[in-house]
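> structure for the following, please:
(4 chains)
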There are 2 protein chains.
Amino acid sequence: MSQHPTMRDVAAVAGVSLMTVSRVVNGESTVQPETAARVERAIRQLGYQRNDTARQLRRKGQATQTLGLVVDDLANPFFAALASAVEDVARQRQYIVLIGSSNSDLQRERELVAAFCARRVDGLVIVPAAGSHRFLREYLAAGTKVVCVDRRADGLDTDRVVVDNRQGAVAAVSRLLDDGHERIAYLGDHRDIWTVQERYAGYAQALAARGVPLVPSLIKHGLKTRQEAAAAAAALVRRRLPPTAVFASNDVMTVGAVDGLYGGGRPPITIVGFDDFALADKLSPPVTVLAQDPAAIGATAAQLLFSRISGDTSPPREVVLATRLVVRA
Amino acid sequence: MSQHPTMRDVAAVAGVSLMTVSRVVNGESTVQPETAARVERAIRQLGYQRNDTARQLRRKGQATQTLGLVVDDLANPFFAALASAVEDVARQRQYIVLIGSSNSDLQRERELVAAFCARRVDGLVIVPAAGSHRFLREYLAAGTKVVCVDRRADGLDTDRVVVDNRQGAVAAVSRLLDDGHERIAYLGDHRDIWTVQERYAGYAQALAARGVPLVPSLIKHGLKTRQEAAAAAAALVRRRLPPTAVFASNDVMTVGAVDGLYGGGRPPITIVGFDDFALADKLSPPVTVLAQDPAAIGATAAQLLFSRISGDTSPPREVVLATRLVVRA
DNA sequence: TTGAAAGCGCTAACAG
DNA sequence: CTGTTAGCGCTTTCAA
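Next up is the predicted model:
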């Protein structure tokens, strides 16, 4: 329960000056082996561990070797995979990662960003919540690098890594139309989220391209949880004229749709969902999905961030990764 | 791209002393409103943001309000849910979280712990990798609080939160025996992981209790990935005398077993797995599981850690959470 | 090869 | 109410 010993303590025990301890701790070779050995003995004896925060303070202008990562919801496997990839890349550069979930709450996101920047992170990877991100400008102005992932940030032009949500949704819904479906329902999260907007736009665009009218009663926006999606899906099949297919705009919606539509002896309704998920191929019938690669998104974002930290000052870039329609019939 | 302005800069602009700026920044009410307003104007003008690392340095003996979290693999939904719960609890206490994955590598775990402690985290939540954790003693001695989760740490007596793995495995396998199974295969990860040991022990114990002999060729240890588990499962059914059931010792094994055993028109083999997973109930046949509550594990661990950080010095506690056998026939 | 002095950005403890 | 002084643990700079 003793406090942390300091270099001064080590110096006293080893009978040298504080500077000599500093040199040994930092592996400088200008210390006489004998002296270094005495210092190292003292270090072990006292259990000395360098205080990196104090170190960073003095080494001004130096990187803190810390990244901040703000995802929407870490418990969601999509964001978990993304976060894991960011951490992997960070590890290779000897960086450590501060993490937090915004839970789609802009205020919470701001608090996390503020807390991370107060700790002087070198860069931020952010899955932006809905709402204006002008507040980030002051951090950018102070030199903090920012890369947005998965979604575009409103009111801010930074590097970002996204997938082609609209084109993906068009492909998925077109496929359903090709297969003869006409009453295709839509299940989606709140439309203030950029990806949700794009995917819904793709849904509408694909229908319009074939002259199929949008049927408001087949369209459910604002679903936040698997349970809500399941309830919405179950309600759809109880209609006099149920849909023959459902387009689910993310993994939570898809799994919810499976909950609501599979089992119970009903003839299953075809589901196509954005985001791949484990065992989608083992359901009966299997679920066709638009697969993204969250690990690739995270890794790309982290690499982009490191190139900025290393001094790249070229104009903001947008990297658009493709989605892959995984047809499972 | 300007550097971060300091309190000194703000003071100069506002025409006050540095201390007055400090007082305003920290919301002390002893500053005359007019002066405070001038300072706040200067803060906005310069885009000043308090440097919390410098702050912590001076406020000695104070908490850094930072937690370190080391999981095995953040991309695994189980650990992601656990991590998310830790972060939730931390948020409520105004703490932020440093995170890292050990990928079952003790060396990597040590590096993460060292990096986190060098940043002077107040406490650590660790999913310990296999191997001796005596190295943690020096951090404990320095006052860092540690709670282990999911697994016991070899050679270290700290607070920990685990589930009753052995009893759970006994319950699961006994259930299979009750249903008339006798040739029950086992698929598991490397036995140097504590949970794996315990679950295998439970498997063996349940068989022994009924006088069913262990059949070495039905037992596959050391499987690390879903693919390896799938291959092992597929190999089992190609035997002359295939097992009639499989006990999968974690979610990766279970999903791999589903990969290897479901579909293809074969009569499916009964699977019982440790860890629940999404849509286990929607497979045909559905998969019976031993459900854990990773969020509860993480939240409990974080709460335990905070009680230690708050000064609780009672002897180390072990919290054992129950598993729940979710029978899906 | 080693050490002394100065100071990173901030706050505690006092003065005024 | 405001300012001055000292110093957190460390590194930079310069001197011995």
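> what's the local residue count around the closest residue to DNA strand D within the stretch 201-329 of chain A?
Nearest residue of the stretch 201-329 of chain A to DNA strand D: A:Ile309, at 18.0 Å (CB to the nearest atom of the strand). Backbone N, C-alpha and C define where each C-beta goes, glycine included. When counting by other CB atoms under 10 Å in any protein chain shown, one arrives at 18 neighbours for A:Ile309.
> what's the answer for the one 3 residues further on, then?
As a burial measure, A:Asp312 scores 13 neighbours (other CB under 10 Å).
> what's the helix or strand for it?
Following DSSP states H and E, one finds A:Asp312 outside all helices and strands.
> also A:Gly222?
Per DSSP H and E, there is no helix or strand for A:Gly222.
> list the contacts of it.
A:188-191 (CB atoms under 8 Å, 6 or more residues apart in numbering or on different chains).
> any idea which of those residues has the most stuff around it?
Top of those by neighbour count (other CB under 10 Å): A:Gly188, with 26 neighbours.
> and the residue of the stretch 201-329 of chain A closest to DNA strand D, how far is that from A:Val113?
A:Ile309 sits 17 Å away from A:Val113, going by CB to CB, to the nearest Å.
> want to throw the contacts of A:Gly222 into JSON lines with secondary structure, distance to A:Leu140 and pLDDT?
As requested, those are exported to JSON lines (DSSP: H, G, I helix; E, B strand; the rest coil; distance: CB to CB, whole Å; pLDDT from 0 to 100):
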{"residue": "A:Gly188", "secondary structure": "coil", "distance to A:Leu140": "31", "pLDDT": "97"}
{"residue": "A:Asp189", "secondary structure": "coil", "distance to A:Leu140": "28", "pLDDT": "95"}
{"residue": "A:His190", "secondary structure": "coil", "distance to A:Leu140": "27", "pLDDT": "95"}
{"residue": "A:Arg191", "secondary structure": "coil", "distance to A:Leu140": "28", "pLDDT": "95"}
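> ok, these vs B:Val252, which is closest?
A:Asp189 (28.5 Å; CB to CB).
> let me see the contact set for the nearest residue in space to the closest one that is not next to it in sequence.
Leaving aside its sequence neighbours, A:Asp189 sits nearest to A:Val196 (CB to CB, 6 or more residues apart in numbering or on different chains; 4.9 Å). Counting by CB under 8 Å, 6+ apart, A:Val196 touches A:188-190, A:249-250.
> looking at those, spot the one nearest chain B.
A:Asn250 (13.5 Å; CB to the nearest CB).
> wait, that closest one sits on A:Phe277?
No. Here A:Asn250 lies out of contact with A:Phe277, judged by CB atoms under 8 Å, at a distance of 9.9 Å.
> who has more neighbours, these two?
A:Asn250 (25 against 21).
> how many neighbours does the residue of the stretch 101-250 of chain A found nearest DNA strand D have?
As assessed by CB to the nearest atom of the strand, DNA strand D sits closest to A:Arg120 within the stretch 101-250 of chain A, at 13.4 Å. For A:Arg120, the count of nearby residues is 21 (other CB under 10 Å).
> give the closest residue to it in space, chain neighbours not counted.
A:Thr64 (5.0 Å).
> name the helix or strand for the residue nearest to A:Asp189, please.
With DSSP H and E as the criterion, the answer for A:Val196 is helix A:194-209.
> and that helix, which residues are buried?
Using 16 or more other CB atoms under 10 Å in any protein chain shown as the test for burial, helix A:194-209 gives A:194-200, A:202-204, A:206-207.
> and those, which is closest to DNA strand C?
Using CB to the nearest atom of the strand, A:Trp194 is the member of those that sits closest to DNA strand C, with 34.3 Å.
> residues in contact with the closest one?
A:Trp194 neighbours (CB under 8 Å, 6+ apart): A:128, A:130, A:151-152, A:154.
> quick revisit: distance to A:Ala296 for the contacts of A:Gly222 - can I get that in a markdown table?
Formatted as a markdown table, the contacts of A:Gly222 follow (distance: CB to CB, whole Å):
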| residue | distance to A:Ala296 |
| --- | --- |
| A:Gly188 | 24 |
| A:Asp189 | 22 |
| A:His190 | 26 |
| A:Arg191 | 26 |
